[in-house]
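A.B. asks: My questions concern the predicted model and sequence given below.
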Amino acid sequence: MRIVLVTSPRLGRARAARIERAIAGALCGTRRREAGYGGCAPCAVLVAGAGSAADAGSAAGADLHATDLVIAAGGDGTIRSLLGAAVTHRVPLGIVPCGRGNDLARALGIGRCVSHAVETIREGRSAAIDLVSVNGALFATAGGLGLVAEVSGAADRWGRGPAARLATLTYPIATAARVLAGWTPITARVSTDGRPGGTARLAALVVCNQPCLGGWFAPCPGASNADGAVDLCAIASPASRVRMLEICAWILAGHGTSCPEVTLHRARRAVIDTEEDAVFFGDGEPLALGRRFEIAVLPGALRVFVPCGSRALEARHAR
């Protein structure tokens, strides 16, 4: 049995080593009833300290053809770097959340405690969750254009400096800062499941595979990574910054649909055409650049270990 552990470059060597020891201690010599992951330790620990999570993901991807389990110790970006290889080689994913937002881990009910996360992997309960592709690039949580992309970019830059201590507060603070500084609206047309839509001037267009993003915001409260569909939240660009802050506050509370500027769509496929060049961020990272973005859902594409009582586990059993 072969296990690959991929750690975020932001963890540092000491913390990455502690996580490796915790995983080895929990999995070595332990006989798991379902998958039998006993008697084995992580065969490779990839720490991209001088590079990025993508570097670690690429290195791990080369080994996943002969791997039985891959574990991501990091945030949503670290997980995203492994999605392509995990799906291609049908390797289940374990998560040890160590990032800022940890949006996927939150949605699956995996706590930030390392021992809790490792125990979830050891117990072996798994669920098949949906993934979303944008122009062929995969992401697991949420993404979008306009203000949401600007905030994601700002949060990523802040996360590399002293502001990293803000953790999940980074996103609401970055949102307020971008709104007050002025956002760049996009002119977009959204077509869902082959149905053409109208053109609108938008402050943001959010594509959700789960209810929350950034640890706080809930633009699509009904979104699920187990329903075979993706939810889109289109926010019309308001006339003032104060009104934009009000809309953000409503979305923060999960009541964005109370705002007339907010429109929700649900689809299996969507096409977004913009009149300006735009950057699509997904899982907190830039994934596509251009004026046309093709969105598609990959139902049940990724198998991930989840704790008992996870909504993802219950949702799949209910289908």
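C.D. replies: In hand now; what should we look at? As the structure is a computational prediction, the values presented were derived from the model and not from experiment.

A.B. asks: C-alpha from now on. contacts and neighbour counts both.
C.D. replies: Noted.

A.B. asks: For the residue nearest the centre of the chain, which non-adjacent residue is closest in space?
C.D. replies: Geometric centre of the chain, nearest residue: residue 141, 3.3 Å, by CA atoms, centre = their mean. Distance criterion CA to CA, 6 or more residues apart in numbering; nearest residue to residue 141, sequence neighbours excluded, is residue 209 at 5.2 Å.

A.B. asks: Quick check, pLDDT for that neighbour.
C.D. replies: Per-residue pLDDT puts residue 209 at 97.

A.B. asks: do the same with residue 123
C.D. replies: 88.

A.B. asks: what about it, how many neighbours?
C.D. replies: 19 (other CA atoms under 10 Å).

A.B. asks: Could you confirm residue 249 falls within a helix?
C.D. replies: Yes - under DSSP: H, G, I helix; E, B strand; the rest coil, residue 249 falls within a helix.

A.B. asks: give me every residue that touches residue 134.
C.D. replies: Neighbouring residues of residue 134 by CA atoms under 8 Å, 6 or more residues apart in numbering: 287, 288, 293, 294, 295, 296.

A.B. asks: Going through those, which ones are buried?
C.D. replies: Buried by 16 or more other CA atoms under 10 Å: 287, 288, 293, 295, 296, out of the contacts of residue 134.

A.B. asks: Check which residues of the helix or strand containing the fourth one are buried.
C.D. replies: Under the criterion of DSSP states H and E, residue 295 resides in strand 285-305. Buried residues in strand 285-305, counting neighbours by 16+ other CA under 10 Å, are found at 285-288, 292-293, 295-305.

A.B. asks: can you list the domains in this structure?
C.D. replies: With domains defined by automatic domain parsing, the chain comprises 3-124, 137-298.

A.B. asks: Check what pLDDT residue 89 gets.
C.D. replies: On pLDDT, residue 89 comes in at 89.

A.B. asks: For burial, what's the neighbour tally of it?
C.D. replies: When neighbours are counted by other CA under 10 Å, residue 89 comes out with 15.

A.B. asks: likewise the one 4 residues further on?
C.D. replies: If you count neighbours by other CA under 10 Å, residue 93 ends up with 24.

A.B. asks: Check residue 25 and give its pLDDT.
C.D. replies: 79.

A.B. asks: oh sorry, the question was meant for residue 2
C.D. replies: 74.

A.B. asks: what do you get for residue 159?
C.D. replies: Reported pLDDT for residue 159: 63.

A.B. asks: Kindly report the same for the one 3 residues further on.
C.D. replies: Looking at residue 162, its pLDDT reads 61.

A.B. asks: Now find how far off-centre the strand or helix carrying residue 15 is within its chain.
C.D. replies: With secondary structure defined by DSSP H and E, residue 15 is part of helix 13-27. When distances are taken as CA atoms, centre = their mean, to the nearest Å, helix 13-27 is centred 23 Å away from the chain's centroid.

A.B. asks: Please apply the same query to stretch 219-229.
C.D. replies: That offset, for stretch 219-229, works out to 13 Å (CA atoms, centre = their mean).

A.B. asks: can you give me the end-to-end distance of that stretch?
C.D. replies: 15 Å (CA to CA, to the nearest Å).

A.B. asks: Tell me the one among the buried ones among the contacts of residue 134 nearest to residue 254.
C.D. replies: Nearest to residue 254 among the buried ones among the contacts of residue 134, counting by CA to CA, is residue 295 at 23.7 Å.

A.B. asks: so who does the closest one touch?
C.D. replies: Contacts for residue 295 were tallied using CA under 8 Å, 6+ apart; they are 132, 133, 134, 135, 269, 270, 271, 272.

A.B. asks: so residue 263 sits right up against residue 235, yeah?
C.D. replies: Yes - Residue 263 is within contact range of residue 235, at 6.6 Å (criterion: CA atoms under 8 Å).

A.B. asks: Which one's more surrounded, the two?
C.D. replies: residue 235 (28 against 17).

A.B. asks: Find the nearest non-adjacent residue to the more buried one, please.
C.D. replies: That would be residue 262: by CA to CA, 6+ apart, it lies 4.7 Å from residue 235.

A.B. asks: same deal with residue 231?
C.D. replies: residue 266 is the one closest to residue 231 (CA to CA, 6+ apart), at 4.5 Å.

A.B. asks: buried set for the host helix or strand of that neighbour?
C.D. replies: Per DSSP H and E, residue 266 falls inside strand 262-267. Within strand 262-267, the residues scored as buried using 16+ other CA under 10 Å are 262, 263, 264, 266, 267.

A.B. asks: repeat for stretch 5-20
C.D. replies: Counting neighbours by 16+ other CA under 10 Å, the buried set in stretch 5-20 is 5, 6, 7, 8, 9, 10, 11, 16, 19, 20.

A.B. asks: In strands, which of these fall?
C.D. replies: Counting by DSSP state E, the part of these found in strands is 5, 6, 7.

A.B. asks: Cheers, nothing more for now.
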